[in-house]
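>>> Generate coordinates for the sequence data below:
(chains A and B)
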Number of protein chains: 2
Amino acid sequence: MLDDYKIRFSSHVKHLQNQITEKMQDLDIEIELLEDRWSRTDHQGSPGGGGITRAFQGQTFENAGVNTSEVFGAINPDFAKKLNGTGDDLWATGISLIIHPRNPKVPTVHANFRMIQQGEKFWFGGGADLTPFYPHEEDFEYFHQVWKKACKPYECYDWMKEECDKYFVNHHRGGEMRGIGGIFFDHYNSGDLEADFNMVTDLSNHFIESYFPIVEKRINEAFDKEDEEFQLHRRGRYVEFNLLHDRGTLFGLRTNGRTDSILISLPARCKYTYKFSPKENSPHAKMMEYYFPKNW
Amino acid sequence: MLDDYKIRFSSHVKHLQNQITEKMQDLDIEIELLEDRWSRTDHQGSPGGGGITRAFQGQTFENAGVNTSEVFGAINPDFAKKLNGTGDDLWATGISLIIHPRNPKVPTVHANFRMIQQGEKFWFGGGADLTPFYPHEEDFEYFHQVWKKACKPYECYDWMKEECDKYFVNHHRGGEMRGIGGIFFDHYNSGDLEADFNMVTDLSNHFIESYFPIVEKRINEAFDKEDEEFQLHRRGRYVEFNLLHDRGTLFGLRTNGRTDSILISLPARCKYTYKFSPKENSPHAKMMEYYFPKNW
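Purely as a prediction, here's the structure:
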């Protein structure tokens, strides 16, 4: 019976990958899509599944990755002990995406929904978080309202929002978040597989509604050099988070994951300046205040 | 007696910091220098020393950091156990620098020379490594020849060169080095303090000769868009190394070091592209071959 859900989840994330791809192609007629279907071997050299990596480069979406994978097989026993399940065999499937728009008025977004089985144990994980660069508070409100609505039947918004605020934090930058949060959950297993499966697929089906209306609203908004400078520096902070703190990235790299698919999350361009800070009283100074937990 | 050497080493690195600063100001008349003198408290809240951070932005040198520090006091006991000395008290002084030139024909360089004492034990560490973006093999040869000459009295080039090749590696990128190496040593204590002190100060005094003649030679060389694209992507790899693998960076961030002084090492601008690779038969494709160990 678990196997049925694994097959259905795997099929679900591929379907979602296609829906998101279509949406991006609708919104960016110049977008180029490079698709790589890859396979891997497991820790013992046996077939270990693979994935579909979709790399985008466009006008609206400067760069983006919308990836699915289904991997399985033996893992390093030392590493297996650090995980939440039992034994040295892992099965994992999911969708992972990051979209970096060119216009600094359009936020960057990340989302991930996954199902994992290790021996006798299995669980779900995932979430979605927004990284805006301009203080359009109504957009942040909108993003959170969609997730509140999505979470309502499962009464999970409050704790998933809190988990998200705790997770996407640059601890080395005074506890500043990389964005304005969203929802995040890991090692989720309520004991009712059917209910958990329904919850996670239902949540994932709200991603499109949570993000693309914001893109459509801001896509043609003018921006200036200062807006872009701020965006590029905040993208630098995004790189810092992903390489220093993100468990998913470090997990992938340490398990000999496909480096190009993992680091597709990094922005096409970014900047670093010693003690960078936005001009006083600018919209960007205002934006800085949103990178700390807040009730929506 | 150890205390005398500590005072002398601390004074030496500050003198070297001034010499390197002068050299950079000579070569880049537009360079702006921002100096920050900072202090810190130790793990128990007592005075714990501080440092002099010098951040540069210029025409020849797009961004650079030439920092010295002398820190001391209590450290986290759990962390102390992971170090090579004894007890929970640390004293450390050194110079650390990274220079990112704007012209892709001029290599990026990093160097670091430090003296550390933990309880009963003390040791030296350091090195210098070059990250070029254009296959001017004669420059790489020159850099290594200077370090060979510097190491000659101590018969240390061979092993320090090998340590360097092993250290500056992006393991997640197929074992590619971030540059073309140089010298690297850590936990160095031969038992003869006078000899070790003389060796490390003497080595550090060769940094200027190892690097700036290459800058002077290439400073006015023309470059095109493709040269710059390659440079910016290799700078992306530099960021990956520093945030994923560099022990110094991770040590600094985990010990609540001064984040802005540590991450001054990151380049002003960089790029990431899914599966980036240089054009076939281009100088940049040629350059890729140098990012693996080679005898000089």
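
>>> and the residue in the stretch 51-200 of chain A that chain B sits nearest to, how many neighbours does it have?
Residue of the stretch 51-200 of chain A nearest chain B, by C-beta to the nearest C-beta: A:Ala55 (3.8 Å). (Glycine included, C-beta is placed from N, CA and C.) By other C-beta atoms under 10 Å in any protein chain shown, 20 other residues sit near A:Ala55.

>>> same thing with A:Glu228?
Quick note: A:Glu228 (other C-beta under 10 Å) scores 16 neighbours.

>>> Stretch A:264-278 near chain B at all?
Yes - for stretch A:264-278, a contact with chain B is found by C-beta under 8 Å from any C-beta of the partner chain, at A:Ile264, A:Leu266, A:Pro267, A:Ala268, A:Arg269, A:Cys270, A:Lys271, A:Tyr272, A:Thr273, A:Tyr274, A:Lys275.

>>> Contacts only, for the last one.
For A:Lys275, the contacting residues are B:Leu34, B:Asp36, B:Ala55, B:Asp260, by C-beta atoms under 8 Å, 6 or more residues apart in numbering or on different chains.

>>> Swap in 10 Å and give it another go.
Neighbouring residues of A:Lys275 by C-beta atoms under 10 Å, 6 or more residues apart in numbering or on different chains: B:Leu34, B:Asp36, B:Thr53, B:Ala55, B:Thr259, B:Asp260, B:Ser261, B:Leu263, B:Ile264.

>>> Look up the closest residue to the first one, ignoring the ones flanking it.
Counting by C-beta to C-beta, 6 or more residues apart in numbering or on different chains, the nearest residue to B:Leu34 once its immediate chain neighbours are dropped is B:Ala55, at 4.5 Å.

>>> name the element A:Ala111 belongs to?
Per DSSP states H and E, A:Ala111 falls inside strand A:108-118.

>>> got a list of what the closest residue to A:His206 other than its chain neighbours touches?
Closest residue to A:His206 apart from its sequence neighbours, by C-beta to C-beta, 6+ apart: A:Ala150 at 3.8 Å. A:Ala150 makes contact with A:128, A:156-157, A:160, A:183, A:199, A:202-207, A:209-210, according to C-beta under 10 Å, 6+ apart.

>>> Okay, now the unreliable bits of the stretch 101-250 of chain A?
Low-confidence segments of the stretch 101-250 of chain A (pLDDT under 70): none present.

>>> Could you check how far the residue of it found nearest chain B is from A:Arg178?
Proximity of the stretch 101-250 of chain A to chain B (C-beta to the nearest C-beta) peaks at A:Leu243, 3.7 Å away. Going from A:Leu243 to A:Arg178 by C-beta to C-beta, to the nearest Å gives 12 Å.

>>> can you give me phi and psi for A:Trp91?
Note on A:Trp91: its backbone torsions stand at phi -130, psi 130 [degrees, to the nearest 10].

>>> tally of neighbours for it?
21.

>>> Show the contacting residues for it.
A:2-3, A:6, A:10, A:48-49, A:70-73, A:85, A:115-119, A:122.

>>> returning to what we had before: figure out the helix or strand that the residue of the stretch 51-200 of chain A closest to chain B lives in.
Applying DSSP H and E, one finds A:Ala55 within strand A:47-57.

>>> Please apply the same query to A:Ile20.
helix A:2-27.

>>> interface residues of the stretch 101-250 of chain A facing chain B?
A:170-174, A:232, A:235-236, A:239-245, A:249-250 (C-beta under 10 Å from any C-beta of the partner chain).

>>> Restricted to helices, list the residues you listed.
Applying DSSP state H to those, the entries found in helices are A:Leu232, A:Arg235, A:Gly236, A:Val239, A:Glu240, A:Phe241, A:Asn242, A:Leu243, A:Leu244, A:Thr249, A:Leu250.

>>> Need these in CSV (columns: neighbour count and distance to B:Thr60).
Shown next, in CSV, are these (neighbours: other C-beta atoms under 10 Å in any protein chain shown; distance: C-beta to C-beta, whole Å):
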residue, neighbour count, distance to B:Thr60
A:Leu232, 20, 22
A:Arg235, 25, 26
A:Gly236, 23, 23
A:Val239, 23, 26
A:Glu240, 23, 27
A:Phe241, 24, 32
A:Asn242, 23, 31
A:Leu243, 21, 29
A:Leu244, 20, 30
A:Thr249, 20, 35
A:Leu250, 16, 36
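
>>> Lovely, talk soon.
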